[in-house]
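> Show me the folded form of this:
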Amino acid sequence: MLARDYRQVPEESAGEGKTIRWVVGRPEGAPNFAMRVAEFQPGAVFETHHHPFEHEIFCLEGEGVAEGPEGEIPMRPGVALYVPPDEPHGYRNTGAGVLRFICVIPHLEE
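Residues are numbered from 1 along each chain as shown. Predicted structure coming up:
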């Protein structure tokens, strides 16, 4: 079993005002999925995009929206989201503090 404090994992830039930490993945022995912690500063936006794999998201802190085909879905602590493969989606921090969420994706075939 692995236990680690996500704050000890180096953050990587995901664009202006956005960082991501790859907390669990293949390097840690996880054969199927990668767990990431994303942090968006106030006003940060991840533009609408899509890809052939799903996402599972769990919001930990802050306020924001996930944008999809049905419009905007509020992101706040305790909200879980499922984004199907190939569905257009994006994220935006609408709050005054950091928007922090867990994002789980399957490993892509190498």
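> which residues does the nearest residue to Val23 once chain neighbours are set aside contact?
Among residues not flanking Val23 along the chain, Tyr6 sits closest, at 4.7 Å (Cβ to Cβ, 6 or more residues apart in numbering). Just so you know, the C-beta spots here come from the backbone N, C-alpha and C atoms, and that holds for glycine as well. The contact partners of Tyr6, taken as Cβ atoms under 8 Å, 6 or more residues apart in numbering, are 21, 23, 37.
> Relative to Val104, how far out is Tyr6?
13 Å (Cβ to Cβ, to the nearest Å).
> related to what we said a few turns ago, would you mind putting the contacts of Tyr6 into CSV with neighbour count alongside?
Formatted as CSV, these follow (neighbours: other Cβ atoms under 10 Å):
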residue, neighbour count
Arg21, 16
Val23, 19
Val37, 19
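> Closest one of those to Asp86?
Val37 (24.4 Å; Cβ to Cβ).
> That closest one bridge partners, please.
Arg21, Ile102 (DSSP bridges).
> Does it touch Phe101 like I think?
Yes. At 7.4 Å, Val37 counts as touching Phe101 under the criterion of Cβ atoms under 8 Å.
> low pLDDT regions in this structure?
109-110 (pLDDT under 70).
> all strands for it, in order.
12-13, 18-24, 33-40, 45-49, 55-61, 64-68, 71-75, 80-83, 89-93, 99-106 (DSSP state E).
> mind checking how far the closest residue to Ala38 other than its chain neighbours is from Glu56?
Ranked by Cβ to Cβ, 6+ apart and with sequence neighbours excluded, the top spatial neighbour of Ala38 is Ile20, at 5.1 Å. Distance of Ile20 to Glu56, given as Cβ to Cβ: 15 Å.
> and Pro52, what does it touch?
Neighbours of Pro52 in contact, by Cβ under 8 Å, 6+ apart: 85-86.
> Return the residues in contact with Glu39.
Shown in contact with Glu39 (Cβ under 8 Å, 6+ apart): 11, 18-21, 98-100.
> same question, Pro69
87-88.
> May I have the phi/psi pair for it?
Backbone geometry at Pro69, expressed as degrees, to the nearest 10, gives phi -60, psi -30.
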